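J.: predicted coordinates and the sequence they were generated for:
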There are 2 protein chains.
Amino acid sequence: MSFSPLIQQLIKSLRCLPGVGPKSAQRMALYLLEHDRPAALELAASLHEAVERVGECASCRTLSEVSPCGICTSSSRDRSVLCVLESPVDMLAIEQTGGFGGYYFVLKGHLSPIDGVGPDDLGIDALVERLRGGEVREVILATNPTVEGEATAHYIAEQVRELGVRVSRIAHGVPVGGELEFIDGGTLAHALAGRRSLN
Amino acid sequence: MSFSPLIQQLIKSLRCLPGVGPKSAQRMALYLLEHDRPAALELAASLHEAVERVGECASCRTLSEVSPCGICTSSSRDRSVLCVLESPVDMLAIEQTGGFGGYYFVLKGHLSPIDGVGPDDLGIDALVERLRGGEVREVILATNPTVEGEATAHYIAEQVRELGVRVSRIAHGVPVGGELEFIDGGTLAHALAGRRSLN
Ligand SMILES: [Zn+2]
Ligand SMILES: [Zn+2]
């Protein structure tokens, strides 16, 4: 079957959304055209406006059309703790735990010499400048537990230590609710090495 | 955490897509803004253009910005068989089986006296007119196996019979690959009643 060109084009465009395969894209396109054209127009407008106007927060570098962003201007958070992350999605993940009340610094990536991504591209110079202000007493490195994330955390840790600021790395271990048999060996080795006494 | 207003608005708009919950919408919005703004703009344009220009095929009533649509203008299909469906998505589902080579007629809904949806709203008058042309020798009723779909099929069957045209209903039964214990009783009863001899 061939849908008409504009429907095919819409299906193709919907595939840009993460997690949307060919079947979902078809279903979405037909659903919108059959049942909710006003919502489709609203989505088009929202996409357009967000792309045109969302930039980054000058303070934490997260995505925002206002700068500084809502979190950076909040006065009820703890200015002595700064959490360093690779991306705004990770910031969201940590905020949603409800267990962190400090501020953030988003690197927007990790060190990658091969791709020409160095410390300044990640704003590590700006981070160091901020730490020189003296307000931050602990930097929590929450980059991804990947080779690149570890290397980036390692690099930043050295800079932070030189400034005499405390620095920590999020813990590796078995995910809550996970079953041991399905956890990879590297994680399991970390979980064993990082075991905590229950005495 | 509160995202900036435009990001929140984008997340809210993405929820209009079927199957997209709050978490997926967040992930989609951040992904597009971080990694693929050109694709987001293309999606906005595709949505806008499809909504503005996609109408329906005057012949089969499916969604299309060209009328008659690609299937209705195809000369390699069998003009003697017409399949009647509730929606363009169903047409897609049947086309994808590869097992049907006739033409279609899309009702865009089912009879629903409570909602004021009568035969003319579904184009059943146009369908009857088309059958009077004499080219169609069998009408396959492929409305949904729901109460409303059955009632709609029943109504159309009567009209078609009066014209002396053959009319059939898609078979009810156990889905291929399904396990009996998980199949509802109504379906199972239909499967038994419609059993076919293997002799
Ligand atoms: Zn900020
Ligand atoms: Zn058509």
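T.: Yep, that arrived. Ligands and ions are numbered 1, 2, ... in the order given.
J.: so where do the helices sit in chain A?
T.: A:5-14, A:22-35, A:37-53, A:70-73, A:88-97, A:124-132, A:147-162, A:185-193 (DSSP state H).
J.: pLDDT weak spots in chain A?
T.: A:1, A:178, A:180, A:196-199 (pLDDT under 70).
J.: before we move on, the earlier item: so which of the helices of chain A is nearest B:Ser74?
T.: Minimum separation from B:Ser74 across those (Cβ to Cβ) falls at helix A:5-14, 15.5 Å. Quick note: C-beta positions are derived from backbone N, CA and C, even for glycine.
J.: tell me how many other residues crowd A:Gln168.
T.: I think there's a mix-up here, since residue A:168 is Ser and not Gln. Using other Cβ atoms under 10 Å in any protein chain shown, A:Ser168 has 15 other residues around it.
J.: please name the nearest non-neighbouring residue to it.
T.: A:Ile140 (5.3 Å; Cβ to Cβ, 6 or more residues apart in numbering or on different chains).
J.: who's in contact with the one you found?
T.: A:81-84, A:102, A:167-170 (Cβ atoms under 8 Å, 6 or more residues apart in numbering or on different chains).
J.: okay, the helices of chain A in CSV with distance to B:Asp184 and mean neighbour count next?
T.: Converted to CSV, the helices of chain A look like this (distance: least, Cβ to Cβ, whole Å; neighbours: other Cβ atoms under 10 Å in any protein chain shown):
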stretch, distance to B:Asp184, mean neighbour count
helix A:5-14, 32, 20
helix A:22-35, 24, 19
helix A:37-53, 33, 19
helix A:70-73, 49, 16
helix A:88-97, 38, 18
helix A:124-132, 59, 16
helix A:147-162, 49, 17
helix A:185-193, 42, 12
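J.: closest one to B:Cys16 among those?
T.: helix A:37-53 (3.6 Å).
J.: returning to that earlier point: what pairs with the residue nearest to A:Ser168 across the strands?
T.: On the basis of DSSP bridges, A:Ile140 takes part in beta bridges with A:Cys83, A:Ser168.
J.: can you tell me how far it sits from B:Arg166?
T.: Using Cβ to Cβ, to the nearest Å, one gets 73 Å for the distance from A:Ile140 to B:Arg166.
J.: what's the answer for A:Val167, then?
T.: Computed with Cβ to Cβ, the distance linking A:Val167 and B:Arg166 is 79 Å.
J.: more neighbours, the two?
T.: Taking other Cβ under 10 Å, A:Val167 and B:Arg166 do not tie; A:Val167 has more neighbours (19 against 13).
J.: just give the nearest non-adjacent residue to A:Ala191, would you?
T.: A:Gly173 (4.2 Å).
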